[in-house]
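> A predicted structure for the sequence below; I have some questions about it.
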Amino acid sequence: CVRICHEVQGVGALGYVYRGLQTVIKPSLELPLSKTQCEFCGQCVSSCPTGALSVKVPMPKPGPWKTKKTASVCPHCSIACDIVLNTTEYGLVKVTAPLESEINMGNLCFKGIFGYTIYNSFDKRILAPMVRENGRLVKTSWENAYNSAVWGLSNAIKEGEARSIACLISPKITNEDAFAAFRLCRTVLGTDKIAVLTPEPENPVPFIGSSRLSSFKGIGERDFILLLNIDPALDYPVLGNMLRKAVKDGRSEIGIVNNKPTRLDDTAVCTLHISPKKIVDLLELINLASEIIKRKKRDQLKILEKILNKSLTKPEKLLSFIVKFIKAENPLILCDGKRINSAEMELIETIADAVGCDFEVLYPAGNYMGLMKLGVIKKDPNSRKIYEDIKKGKIKALFIIADEDGVPSEYIENPDIFSIVITPKYQEALKNAGVVFPGTAYPETRGSCINSEGRIRRLNRSFSPVSGREVWEIVSAVAGKISDRWDLNCYDDVL
């Protein structure tokens, strides 16, 4: 547990206390674990050889439990790690990871190992449909909830036509649920205002289907990895583990470009802390330098030197950084899709083609790539436009599909907007919604997503939905009551 905390996670929350026969393992400085640098990733539990460490289970007794194991995929980021849901008749006991996984090789982060807790928290779950009556939500029948949703959508169409209706969906929902929502908007409601529930990346489209998309399995074989505006150890810890291992094995070098220190700075061979506004300039320099070095254009060396001298970073350090990347035989670019813009993405693709390197774009939810492919996320971001229309009163009705994180309160704070919300989590802000349907938590969700590799990943459910309805079923029921031509009536239709 001490070694995996130090060497794999790079944290050091556990260590040896006292000396000789009195030596014991405790948290740093004998502090409570919550007051150390512990990330609560569960790695120490997974590697404990004696069973002294265990996960606190949300069960009447600590166990041991005879569990049923269901292979699935973590939806909390675009790595889409392999997970195993360990369940009993009482609920979900724990989440583990298979050691033979090509992606995460038995590793999980805090969200992966503990991000299921809402499933067992029935006091926080929505278990039945609700409608707003006299300013408050009351439980109702499914039929009444469907009719209320249809009534609200029909009124919005009459008042402001289809453009007054918008749909917002979580980037964690499956392709199948997203497809049903997309069809509802386009073919039944006649609106193109569909977007993700969280702010969209500025330029998502170019990497779909790109031949330059890399795989996580081959990260350890890269000789130079450029981390561009990303802190993997903080935001994507499993990827951070892969990078530490690649460096420790002596096969890879890391170069970091960021506007602030990252947790991998101590493992990097070169680090550039530059303003986000200067990223485009840096990428242009790399592109220019690649042409000069690869094609030996000596007449342009002076041009490059002048540009470097005008740079805020020391020219020698910047040139050394660029040369290391260009001369690498098997380089890779890793970047955060939420922190790059369209100009930067275009340059990354240009550089990838010029240098012959691959790239990987990470997102903080599991199905951004699937929503891009479906057309929910477009080149021109829609979420901000919809939010502005909500503030201006242009939106009369909202159809929202949320995940366990719930709905941002700013989207449903106006009771004059008729909101139809599908969510597994109850929150106070829902009091302004017109209709609320119980959504599914990921342990009871089946379907697929597309991760950052462009690979289709399959989610398998370990339980049926507590409400008895899947998300696509709710969407289909509403659509079927509005249009006789709706044809997605069984799960095979949305696959």
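It's in. Numbering: from 1, shown residues only.

> ranges for the helices of the stretch 1-150 of the chain?
Along the stretch 1-150 of the chain, counting by DSSP state H, counting those that start in this stretch, helices occupy 2-3, 43-47, 110-114, 117-120, 142-160.

> using PDB, write down the CA coordinates of the fourth one.
What that stands for is helix 117-120. Below are the C-alpha coordinates for helix 117-120, written out as PDB (Å, rounded to 0.1, in the frame of the first residue of the first chain):
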ATOM      1  CA  THR A 117     -22.800   5.800  -4.100                       C
ATOM      2  CA  ILE A 118     -26.000   7.500  -5.300                       C
ATOM      3  CA  TYR A 119     -27.300   4.100  -6.500                       C
ATOM      4  CA  ASN A 120     -27.600   2.900  -2.900                       C
END
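
> what sits up against it?
Applying C-beta atoms under 8 Å, 6 or more residues apart in numbering, the contact partners of helix 117-120 are 58, 91-92, 124-125, 404, 424-425, 441-444, 463. For the C-beta atoms, the positions are set from N, CA and C on the backbone; glycine is no exception.

> what do you get if the cut-off is 10 Å, keeping everything else the same?
Helix 117-120 is contacted by residues 57-59, 85, 87, 90-93, 124-125, 403-406, 424-425, 440-444, 462-463, 466 when judged by C-beta atoms under 10 Å, 6 or more residues apart in numbering.

> how about the shortest one?
For helix 2-3, contacts defined as C-beta under 10 Å, 6+ apart pick out 12, 13, 14, 15, 16, 25, 44, 47.

> let me see the contact set for residue 193.
Counted by C-beta under 10 Å, 6+ apart, residue 193 has contacts 162-168, 185, 382, 385-386, 389, 394-395, 398-399.

> mind listing which of the residues you listed are in helices?
Among the contacts of residue 193, the members found in helices (DSSP state H) are 385, 386, 389.

> nearest to residue 158 among those?
residue 389 (18.2 Å; C-beta to C-beta).

> TSV for the contacts of helix 2-3, including distance to residue 363, neighbour count and pLDDT?
As requested, the contacts of helix 2-3 are exported to TSV (distance: C-beta to C-beta, whole Å; neighbours: other C-beta atoms under 10 Å; pLDDT from 0 to 100):
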residue	distance to residue 363	neighbour count	pLDDT
12	29	14	85
13	28	21	88
14	31	21	90
15	35	15	88
16	39	10	89
25	37	14	89
44	28	22	89
47	29	15	86
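
> show me which of those is closest to residue 221.
Of these, the one sitting nearest to residue 221 (C-beta to C-beta) turns out to be residue 47, at 25.1 Å.

> which non-adjacent residue is nearest the closest one?
residue 4 (4.7 Å; C-beta to C-beta, 6 or more residues apart in numbering).

> that neighbour: neighbour count?
By other C-beta atoms under 10 Å, the residues close to residue 4 number 19.

> how close does it sit to residue 46?
Going from residue 4 to residue 46 by C-beta to C-beta, to the nearest Å gives 8 Å.

> what residues are shared contacts of the two?
Here residue 4 and residue 46 have residue 107 as joint contacts, going by C-beta under 10 Å, 6+ apart.

> does the closest residue to residue 219 other than its chain neighbours sit in a helix or strand, and which one?
With sequence-adjacent residues excluded and distances taken as C-beta to C-beta, 6+ apart, residue 219 is closest to residue 242, at 4.9 Å. In the assignment (DSSP states H and E), residue 242 maps to helix 237-248.

> and that helix, average pLDDT?
For helix 237-248, mean pLDDT is 92.

> quick one: strands adjacent to the helix or strand harbouring residue 225?
Residue 225 is part of strand 224-228 when elements are defined by DSSP H and E. Sheet pairing of strand 224-228 (DSSP bridges) gives strand 253-258 (parallel), strand 331-336 (parallel).

> which other helices and strands does the very next helix or strand once past the last one contact?
Spelled out, that is strand 331-336. Following strand 331-336 in sequence order, the next helix or strand is helix 342-355 (DSSP H and E). Packed against helix 342-355 by the contact rule (3 or more C-beta pairs under 10 Å, 6 or more residues apart in numbering; DSSP states H and E) you find strand 224-228, helix 279-295, helix 315-327, strand 331-336, strand 358-362.

> and the angle from the third one to strand 331-336?
Inter-element angle recorded for helix 315-327 and strand 331-336: 110 degrees (by axes from the mean of the first three to the mean of the last three C-alpha atoms, to 10 degrees).

> in the protein, which residue is closest to the centre?
The chain has residue 365 as the residue nearest its centroid, 1.6 Å off, counting by C-alpha atoms, centre = their mean.

> give the contact list for it.
By C-beta under 10 Å, 6+ apart, the residues touching residue 365 are 75-78, 170-173, 196-198, 338, 371, 403, 405, 449.

> let's see it at 8 Å
By C-beta under 8 Å, 6+ apart, the contact set of residue 365 is 75, 76, 77, 78, 170, 171, 172, 198.

> that one in helix, strand or coil?
Following DSSP: H, G, I helix; E, B strand; the rest coil, we place residue 365 in the coil state.

> pLDDT weak spots in the chain?
Applying pLDDT under 70 to the chain flags residues 159-160, 162, 199-212, 293-314, 379-381, 493-495.

> for the strands paired with strand 224-228, give me TSV that also has distance to residue 321.
Listed next are the strands paired with strand 224-228 as TSV, based on distance: least, C-beta to C-beta, whole Å:
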stretch	distance to residue 321
strand 253-258	6
strand 331-336	12
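
> just checking, the residue nearest to residue 47 touches residue 44?
Yes - Residue 4 is in contact with residue 44 according to C-beta atoms under 8 Å; the separation is 6.3 Å.

> thought residue 323 was touching residue 286?
No - checked against C-beta under 8 Å, the pair residue 323 and residue 286 is beyond contact range at 10.0 Å.

> settle it for me: which of those two has more neighbours?
Using other C-beta under 10 Å, the more surrounded residue of residue 323 and residue 286 is residue 286, with 24 against 13.

> next, the contact list for the more buried one, please.
Per C-beta under 8 Å, 6+ apart, neighbours of residue 286: 322, 325, 326, 351.

> residue 401: what's it in contact with?
Residue 401 is in contact with 167-170, 173, 177-178, 181, 197, 422-423, 439, 471, 475, counting by C-beta under 8 Å, 6+ apart.

> could I get the helices and strands packed on helix 342-355 as TSV with distance to residue 65?
What follows is the helices and strands packed on helix 342-355, written out as TSV (distance: least, C-beta to C-beta, whole Å):
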stretch	distance to residue 65
strand 224-228	41
helix 279-295	50
helix 315-327	50
strand 331-336	38
strand 358-362	34
